[in-house]
Structure formats: C-alpha cells, structure tokens
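fold the following and give me the result.
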Amino acid sequence: MLNFTHDIPTKIYFGKGSISHLDEALNSFGKNVLLAYGGGSIKRSGLYDTVMEILNNGGYNVVECSGIEPNPRITSVEKGASLCKEHHIDVVLAVGGGSTIDCAKAICCGAYYEGDLWQMAKTHEGHRKALPLVDVLTLSATGSEYDDGAVISNLETKEKLGNTYTFPSVSICDPTYTYSVSQYQTAAGSADIMSHIFEGYFSETMDSDLADGIAETVLKSVMKNLPIALKEPDNYSARANLMADSSIACSGIPEYGKASTGWPCHAMEHELSAYYDITHGVGLAILTPRWMRYIVEKDPACKERFVKFAKNVMGLDGEDEDALIQHSIDDLEQFFKDCGIPSTLTELNITDEYFEEMAKHANRNNRLANAYVPLTVEDIVNIYKNCL
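Presented below is the predicted three-dimensional model:
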C-alpha cells in the first residue's frame with residue numbers, strides 16, 4: 001500500500017430539501033452571482049424557479065450564463081469568464097450536471113487568468129486563483145461536485161483536455177433533482193461512475209484493502225440501483241445511492257494507497273467525444289469491455305486483479321481463471337446493453353477514419369506507457385477497431 005494525501009475541501013449538503021442551504025452557502029462570498037447552467041432542463045423541472053426565488057429573496061445580483069454544452073466548450077468558458085470580469089462577480093453558482101460544473105470550474109479560474117483561456121486549459125499549473133464555486137447537482141455521473149478536475153473541449157482543434165482547476169466550496173446534492181433525467185442519460189452517467197472506479201481499481205497494487213473494498217462496493221451499488229432507477233425514475237433510494245456513488249467514485253478515495261494507472265479508457269474516450277461529440281459515459285461503456293479483453297490477452301500478469309473483480313464484484317466463482325475473467329467481462333458488457341447503452345461505435349456512426357490520429361493524441365508524450373498495462377498507439381488503434 002502506497003502513501004497518499006487526502007485533501008477534499010468541499011462541503012456537501014446531501015439529501016432531499018438540501019437546497020435550503022443555498023442562501024447560506026452563497027452569502028459568505030458576496031452578492032454578485034454568475035448563474036451557470038446548460039439547456040432548458042432546469043427550467044422544465046422547476047429547479048430554475050426555485051433557485052431564482054432563493055436568489056431574489058436573498059438580494060443577490062444575478063448574471064446568467066446559459067447554454068453550456070454536454071461536452072463543455074472553451075467558448076463557454078470564455079463567455080463566462082468575460083461576464084465575471086464585466087460584472088465583478090463574487091461567486092459562481094453552477095446548476096446542472098458534471099458538464100456545467102466542469103465549465104464553471106474553468107470559468108472561476110478564467111475570471112483571474114490573463115491571456116488565452118485555451119492555453120490555460122492546456123497547461124498544468126496546479127491550482128490557480130479562482131472565484132468561489134457553489135453547485136446544485138442534477139445528474140449522477142462525473143463526480144465533479146466533489147473534485148477539482150474539469151474536462152473542456154475545443155471543437156476547432158478537436159481536443160478535449162482534462163485539467164485541475166478548483167474544488168467547489170459547497171455542493172448541494174438532492175437526489176430528487178435527478179428524477180427527471182432520461183433513461184439514456186441515467187445509464188450513461190452510471191457508466192461514467194463505474195469507469196471512474198475501473199480506472200483506479202485495475203492497478204498493480206494488490207494490498208490496498210480499504211480502497212478496493214470501497215471501489216467494489218460502489219460498483220455493486222451502481223449495478224444494483226441503476227436498473228431500479230431506470231424502471232422507477234422517482235425511486236429515492238436508488239437515485240440517492242447513485243448520487244452518493246457518483247461523488248465518491250471520482251473523489252480519489254477509491255484509489256488511496258494505489259499505484260497510478262494512467263486512466264487509459266478516459267484518455268481514449270476523450271478523443272472519441274472530441275471528434276464526434278458523443279456522450280462521454282456511452283463512449284466509456286463501449287470502450288471498457290474491449291480494453292479489458294485486450295489487456296488480459298496482452299499481459300496475463302493482470303489476471304489476478306481480474307479474478308478479484310470477477311469474484312468480488314460480479315459474484316462469480318470457479319477454478320478456471322480464464323473462464324471467470326471472460327465471463328465477468330461478458331456480464332459487464334451485457335449489463336451496459338441491458339441498460340440501453342449502445343454497444344458499438346458503429347451504432348454511433350463512427351468509423352475508423354481518425355483512429356490513428358486519435359490514438360496518437362490519446363498517447364501524446366507516451367503518457368499511457370505507464371498505464372496499468374502499458375499501451376502503444378498501435379494498441380489503442382486496435383482497441384478502437386474492436387469497438388466497431
């Protein structure tokens with residue numbers, strides 16, 4: 001078990017009615033608020049009206065930054081940062097899912113950044129000076145409510161880059177706000193939660209029992225509660241568990257004491273959504289089983305970890321390790337299919353046209369040479385092809 005550092009400064013108000021804490025969360029930062037949100041979902045659900053009532057009653061000056069995309073773009077960051085400077089914003093309030101919160105994190109930093117904001121997104125300077133961020137979560141997926149990371153896209157350069165920006169100061173997580181999320185987005189978000197766990201779980205470190213136990217519990221929780229949420233959208237228990245799973249999965253906690261893995265599936269998927277603007281969780285669900293099969297064949301030394309997954313997560317048993325591993329991957333792939341997620345890139349109208357370019361960028365600076373099972377550009381191209 002390796003050394004690790006714990007530092008998550010975000011306060012979370014979790015549960016039904018936690019929106020009641022919004023005024024106190026914002027008030028300590030000031031009265032000039034940038035309200036960031038995406039499309040019309042928060043207006044259709046009535047959450048926009050609830051938030052505006054709280055803001056109006058609290059005497060806040062509100063500037064709106066709407067239209068944030070599902071894969072947030074640098075143009076939205078530029079727009080929000082400009083509004084912050086123009087209106088002397090004190091605090092950013094993000095209402096939405098991970099994409100809105102990601103964009104808001106970059107806006108918070110961009111409000112102080114001098115120069116090209118895409119250059120800010122491309123450089124890894126650690127934590128930057130940032131406006132405080134408060135969020136109201138509406139989708140269980142990315143875990144952005146509980147970490148400092150964000151992923152921003154540039155359609156002109158066909159790049160989608162992750163970076164660290166700022167932690168939310170306060171996150172308000174009411175599972176009832178996810179009742180109106182479509183089946184497709186609920187499933188895709190849950191696949192994202194699971195991928196966050198997989199990226200750290202499949203590691204060469206075998207003796208971090210706490211981290212592995214948390215990871216396995218999150219995976220089993222998602223696989224239990226996602227089918228319930230799909231059948232009963234307003235099942236509070238299912239929605240609450242998925243929301244809690246989301247926050248923990250990408251918090252770093254399930255990776256405590258474990259060797260870094262390079263997060264290869266995310267690296268590969270960022271290329272897919274940069275080129276084709278697909279739903280992030282869908283891309284991950286398609287890639288993950290193919291990546292699993294590929295690395296098991298490439299490096300049999302990782303079989304011990306896959307047997308652990310087969311037994312502890314997928315509930316399988318038997319003496320034939322190869323059969324266990326293949327059965328567990330097949331079952332995972334079928335789970336995604338049963339939840340309504342496309343199972344091939346072909347279904348998304350993606351061809352092999354850009355695979356070579358995408359693979360080179362995913363492995364820029366040879367970054368996946370240190371993955372759990374090291375990947376070359378050729379390996380990545382092969383994994384993409386296996387997804388067709």
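
which stretches of this protein form strands?
11-14, 32-36, 61-65, 91-96, 133-137, 149-154, 159-164, 170-173 (DSSP state E).

out of those strands, flag the one nearest Arg367.
Proximity to Arg367 (CB to CB) singles out strand 159-164 among the strands of the chain, at 11.6 Å. For glycine as for every other residue, the C-beta is placed from the backbone atoms N, C-alpha and C.

who's in contact with Ile54?
Ile19, Leu22, Asp23 (CB atoms under 8 Å, 6 or more residues apart in numbering).

please convert the residues you listed to TSV, extending it with pLDDT, distance to Ser260 and neighbour count.
Putting these into TSV (pLDDT from 0 to 100; distance: CB to CB, whole Å; neighbours: other CB atoms under 10 Å) gives the following:
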residue	pLDDT	distance to Ser260	neighbour count
Ile19	98	37	19
Leu22	98	37	21
Asp23	98	40	14
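
now those residues as a markdown table including distance to Tyr184?
Formatted as a markdown table, the contacts of Ile54 follow (distance: CB to CB, whole Å):
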| residue | distance to Tyr184 |
| --- | --- |
| Ile19 | 26 |
| Leu22 | 29 |
| Asp23 | 34 |
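
from those residues, which land in helices?
Using DSSP state H, the subset of these located in helices is Leu22, Asp23.

what's the closest of the contacts of Ile54 to Tyr112?
Tyr112 lies nearest to Leu22 out of the contacts of Ile54, by CB to CB, at 24.3 Å.

residue contacts, that closest one?
Val51, Ile54, Val134, Val136, Ile172.

go with 10 Å
For Leu22, the contacting residues are Tyr13, Thr50, Val51, Ile54, Leu55, Gly58, Leu93, Val95, Val134, Val136, Val170, Ile172, by CB atoms under 10 Å, 6 or more residues apart in numbering.

surely the third one meets Ala36?
When you say that, I think you mean Val51. No - the criterion here is CB atoms under 10 Å, and Val51 misses it with Ala36 at 11.3 Å.

need phi/psi at the residue most central in space within the chain.
Against the mean C-alpha coordinate of the chain, by CA atoms, centre = their mean, the closest residue is Thr142 at 2.4 Å. Thr142 adopts backbone torsions of phi -80, psi -20, taken as degrees, to the nearest 10.

leaving out chain neighbours, which residue sits closest to it?
Gly98 (2.7 Å; CB to CB, 6 or more residues apart in numbering).

correct me, but that neighbour touches Gly143?
Yes - the criterion here is CB under 10 Å, and Gly98 meets it with Gly143 at 7.2 Å.
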